[in-house]
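Student: Following is a predicted model, sequence given first.
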Amino acid sequence: MPIPTVLSVAGSDSSGGAGIQADIKTCQELGVYAATAITAITAQNTTGVQSWQGLDASLVRDQIEAVLSDIGVHVIKTGMLVNADIVTTVAELANTYRVANIVVDPVMASTSGTALLSAEGQQVLVQKLLPLATVFTPNLPETAMLLNKPECKTVAEMKAAAVQLHKMGPKLVILKGGHLRQGEAIDLCYDGQAFFELKAKRLDRKHTHGTGCTFASAIAAELAKGAKPIEAAKKAKAYVTAAISEGIPLGAGIGPTDHAAYRRLGQEGGCN
Ligand SMILES: Nc1ncnc2c1ncn2[C@@H]1O[C@H](COP(=O)(O)OP(=O)(O)OP(=O)(O)O)[C@@H](O)[C@H]1O
Ligand SMILES: Cc1ncc(COP(=O)(O)O)c(N)n1
């Protein structure tokens, strides 16, 4: 493969701020070629998800195989996976084609509360996909659901949760602290040996639609360029912080972030 490539397996967001659209924009901005396998079409905007339909797992399989058997990729990044059949398909093909790195963003629900992964899909994600993951990026509500525990409210609680999540098999857990709502925006990394905190100033911004997708695809893009997971995470944190700092006031609700902000502002727009 002459250039770094990422395959995003995710849902389409008609408003362009999250899902496949966020992933393509992020990869493009970071100098990485993005291929896609679409799992669902959502009709959504800045106020919420109006309706959506998942694609048949066989069509998702065909998309992934079309890409992996021809172009090949350095990294698979997953977002909305809809159900157990699609999760199983991704895990099987990642194994068959020996994909070097997998970034799993366990998209379970939209910010507005629409479920985007079935309960059975969540179980199969834990059983089949997490053991293959290089990086796993749950947010606090997703962590609470996966561990069947109340949502973490402190960094100490996040540390205990990260240890439990790591036992599910991913090499690096990054527990995102965007939902802590106070103090710095801290994402806690744990690789089974040590903790590392990605810190940025908490920005008082309304337009944060798709921040989780954007962060995970920036990690995937940096891995595709050859970065180690923790270095990829640091760069992705700077990228998403810049994107949030320049959030775009589109629509009546929670608008998208600016995927081009990091290129314009560089490290100054990000964190340290
Ligand atoms: N107000 C904020 N200021 C700075 N960084 C933030 C803010 N909100 C979220 N982040 C950062 O954005 C990234 C995504 O985190 P978050 O916890 O919001 O994920 P998420 O819930 O999956 O995202 P989404 O809003 O797309 O569902 C993390 O790096 C987080 O720290
Ligand atoms: C297709 C798709 N994938 C992921 C999200 C999560 O993003 P958010 O939590 O910002 O709504 C979404 N809304 N839509």
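Tutor: Now that the structure is in, tell me what you want to look at. Numbers count the residues shown, from 1 in each chain. Ligands and ions are numbered 1, 2, ... in the order given.
Student: so how far is stretch 54-74 from its chain's centroid?
Tutor: Put simply, stretch 54-74 sits 19 Å off its chain's centre (C-alpha atoms, centre = their mean, to the nearest Å).
Student: Give me the contact list for that stretch.
Tutor: Applying C-beta atoms under 8 Å, 6 or more residues apart in numbering, the contact partners of stretch 54-74 are 1, 4-7, 9, 35-41, 82-83, 85-86, 88-90, 93, 97, 99-101, 223-224. The way it works is simple: take the backbone N, C-alpha and C, and place the C-beta from them, glycine included.
Student: which residue ranges form the helices in the stretch 1-150 of the chain?
Tutor: 19-29, 57-68, 84-96, 119-124, 140-147 (DSSP state H, counting those that start in this stretch).
Student: so which of those helices is the most packed in?
Tutor: Among these, ranked by average contacts under mean count of other C-beta atoms under 10 Å, first place goes to helix 19-29 (a mean of 25).
Student: Cross-check the contact I'm expecting between Gly16 and Thr257.
Tutor: No: using C-beta atoms under 8 Å as the test, Gly16 is too far from Thr257 to be in contact (10.9 Å).
Student: tell me, how many neighbours does Gly31 end up with?
Tutor: Gly31 is flanked by 12 other residues according to other C-beta atoms under 10 Å.
Student: For it, which residues are in contact?
Tutor: With C-beta under 8 Å, 6+ apart as the criterion, the residues that contact Gly31 are Pro4, Ala221, Lys225.
Student: which one of those residues sits closest to Lys206?
Tutor: Distances from Lys206 to the contacts of Gly31, taken as C-beta to C-beta, are shortest for Ala221 (26.0 Å).
Student: one step back: let me have the contacts of Gly31 in JSON lines, adding pLDDT and neighbour count as columns.
Tutor: Listed next are the contacts of Gly31 as JSON lines, based on pLDDT from 0 to 100; neighbours: other C-beta atoms under 10 Å:
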{"residue": "Pro4", "pLDDT": "98", "neighbour count": "20"}
{"residue": "Ala221", "pLDDT": "98", "neighbour count": "31"}
{"residue": "Lys225", "pLDDT": "98", "neighbour count": "18"}
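Student: from these, which is closest to ligand 2?
Tutor: Checking these against ligand 2 with C-beta to the nearest ligand atom, the nearest one is Ala221 at 17.2 Å.
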